Each structure stands twice: as C-alpha cells, then as structure tokens.
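Visitor: Curious how this folds, go ahead:
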Amino acid sequence: MEIIILKDHEQVSRYAFNIVSETLKKKRNAVLGMSTGKTPLRLYELMANAYKKRKISFKDVITFNLDEYIGIDGKHIGSYRSYMNKNLFLHTDINPKNIFFPDNNIKHLCSSGNEYEKKIKQKGGIDLQILGIGENGHIGYNEPISSLSSRTRVKMLTSATMVLNKYPFKGTKIKQPRFAMTMGIGTIMEAKKIIILATGSNKEDIVAKAIEGPVTAMHPASVLQFHNNVKFIIDEAAAKKLKLKDYYKEIQKYQKDILKKHKR
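Guide: The predicted structure is shown next:
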C-alpha cells in the first residue's frame with residue numbers, strides 16, 4: 001500500500017489522471033473500474049480534456065461502474081449512468097458497447113450480480129479500479145459490516161449515505177432509492193491496480209482508520225491494506241489524522257529523488 005499526500009483536490013486529481021493516462025498508453029483496451037460522487041469529478045474533467053486535445057483515446061477502453069441504484073431509469077439525473085454520461089462518457093470517443101453498469105432492473109435482481117461478475121471476467125478483469133471512500137468507510141456501496149469477501153449484489157444504504165447523496169434528486173419527481181446494486185468488496189479486491197481518492201477534512205477520520213486502523217468490516221475500505229497494488233491519493237486535509245504522515249511524506253520524497261536520478 002502506498003500513501004500519496006498532496007496539497008489539495010486539484011493535485012490529487014492530476015496525480016490520479018497521470019495514472020489513468022499511463023494505463024491507457026500502455027494498454028489501449030484497458031478495463032477501468034469507475035466510481036461516482038463528488039471526489040472524481042475533476043479527474044473525469046481532466047480525462048475529457050485530454051481526449052479533446054487528442055492526448056488519449058477511449059475508443060477501445062472498457063468500463064465497469066461500481067454501482068447503480070435499483071429500479072431507476074438510466075436517463076434520470078440521479079442515476080449513475082447519467083452521472084457518467086454527463087461528466088465523462090459523452091465527452092470522449094468511448095464505444096457505448098464497452099460501457100457496463102450492474103443491471104438494476106428489479107425483475108433481474110436474483111441474477112444480475114452473477115452476470116456482472118461474468119462480464120468482468122470475460123473482459124479480462126479490471127486493470128485499474130478508481131475508488132472514492134465514504135465517510136463511514138464504504139467503497140462502492142459496501143456499507144459497514146459488509147462481508148470483506150462479498151460479490152456483486154444488492155445493498156441497502158445507510159441513512160447517513162442517503163443524506164450525503166440526495167442532492168441529484170432534489171426537485172425531481174423520483175424518490176431517492178434506498179437500495180443499490182454494487183460490486184462486492186471481493187470483486188473490487190480482484191482489480192489488478194487500485195487508486196482511492198480522498199480529499200477534505202470530512203474524510204480525515206475514516207482515512208486514518210482505513211490506512212492505519214485494523215482491518216474490519218466496520219470500515220470496509222480498510223481491507224485495501226491486503227491489496228498488493230493500491231495507492232491512497234489524499235490531500236493534506238484528509239491526511240491530518242494519520243499518525244505516520246511525516247513518514248509517508250519521506251517515502252514520497254525519496255521516490256521522487258530516485259525518479260529524478262533515473263531521468264538524468
């Protein structure tokens with residue numbers, strides 16, 4: 001596990017963008033795991049801008065989103081399909097056939113989780129998973145006490161999560177769904193590489209627990225301590241309560257110095 005501490009949200013987003021960009025340059029048909037919420041918005045803006053400048057292409061890229069609300073139409077502003085279209089997909093050359101979301105049709109709930117798992121495997125697995133972290137430690141919609149080996153399935157959202165994610169539903173006729181289909185923690189852990197972004201003082205408690213606390217289902221993101229290729233990319237505000245903050249920065253500086261020597 002690598003801890004990258006940067007100044008602010010902008011630097012976190014640009015650092016993450018560089019990782020995405022390098023991934024696509026090395027593998028044109030890379031499989032990306034996509035996250036939603038407020039944290040990755042600037043990252044997606046940078047990705048869209050890079051496409052417009054013809055620096056990267058999404059033509060052969062395959063994407064799998066972490067989750068989707070149950071029973072909501074993909075065109076509704078509150079759906080995660082709508083979020084991804086608005087903030088990334090419609091601004092790139094990605095093939096719509098290469099975009100995947102969990103099937104959120106109420107009639108298919110018994111089988112959609114297994115079908116999503118099969119699709120991920122058929123595409124060769126996720127090369128780079130982009131994650132955010134909820135204030136209660138959820139990754140995807142794996143709320144506290146989710147099994148650390150769980151697979152794609154239906155989850156009921158906590159009241160706290162509902163409150164934090166209600167903004168797209170304000171002024172609409174659709175009530176915010178209480179249930180979502182989400183990749184499981186076990187599914188997420190199978191990604192070849194993971195980057196998890198966290199910014200702001202509201203994340204300082206959970207970031208400290210996820211990185212330095214015990215691995216526990218009460219803080220689902222803590223399971224990432226077991227992944228062999230994960231980067232926590234966080235800003236100063238989110239890093240405030242890390243006990244080994246200075247040590248992580250020393251490692252960061254050392255790595256930068258080594259890279260500079262190799263470039264000479």
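Visitor: CA atoms for contacts and neighbours, from now on please.
Guide: Fine.
Visitor: Quick check: P168 vs D8, distance?
Guide: Here P168 is placed at a distance of 25 Å from D8 (C-alpha to C-alpha, to the nearest Å).
Visitor: the more surrounded of the two?
Guide: The residue with more neighbours, out of P168 and D8, is D8; 16 against 13, by other C-alpha atoms under 10 Å.
Visitor: any idea how far M183 is from the more buried one?
Guide: With distances defined as C-alpha to C-alpha, the gap from D8 to M183 amounts to 29 Å.
Visitor: How about I19?
Guide: Using C-alpha to C-alpha, we find I19 at a distance of 22 Å from M183.
Visitor: Now do R151, the pLDDT please.
Guide: The model reports R151 with a pLDDT of 98.
Visitor: just H262 next, same as before
Guide: 69.
Visitor: and what of T172?
Guide: pLDDT for T172: 85.
Visitor: what about it, how many neighbours?
Guide: Counted with other C-alpha under 10 Å, the neighbours of T172 add up to 11.
Visitor: Which positions in the helix or strand M84 falls within come out as buried?
Guide: Per DSSP states H and E: M84 is located in helix 80-87. The neighbour-count check on helix 80-87 (16 or more other C-alpha atoms under 10 Å) flags Y80, R81, S82, Y83, M84, N87 as buried.
Visitor: so what's the second one closest to, chain neighbours aside?
Guide: Taking C-alpha to C-alpha, 6 or more residues apart in numbering, and ignoring the residues beside it in sequence, R81 has G74 as its nearest neighbour in space, at 5.4 Å.
Visitor: mind checking how far the one you found is from K52?
Guide: Taking C-alpha to C-alpha as the measure, G74 and K52 are separated by 25 Å.
Visitor: okay, those two: which has more neighbours?
Guide: In this comparison of G74 against K52, neighbours counted by other C-alpha under 10 Å, the higher total goes to G74 at 17 against 14.
Visitor: How about A208: what's its closest non-neighbour residue?
Guide: The shortest distance from A208 to any residue other than its chain neighbours is 5.1 Å, reached at L242 (C-alpha to C-alpha, 6+ apart).
Visitor: and if you look at A198?
Guide: Beyond its immediate neighbours in the sequence, the residue positioned closest to A198 (C-alpha to C-alpha, 6+ apart) is I234, lying 4.9 Å away.
Visitor: Y69 too?
Guide: Counting by C-alpha to C-alpha, 6+ apart, Y69 lies nearest to A180, which is 4.1 Å off, once chain neighbours are set aside.
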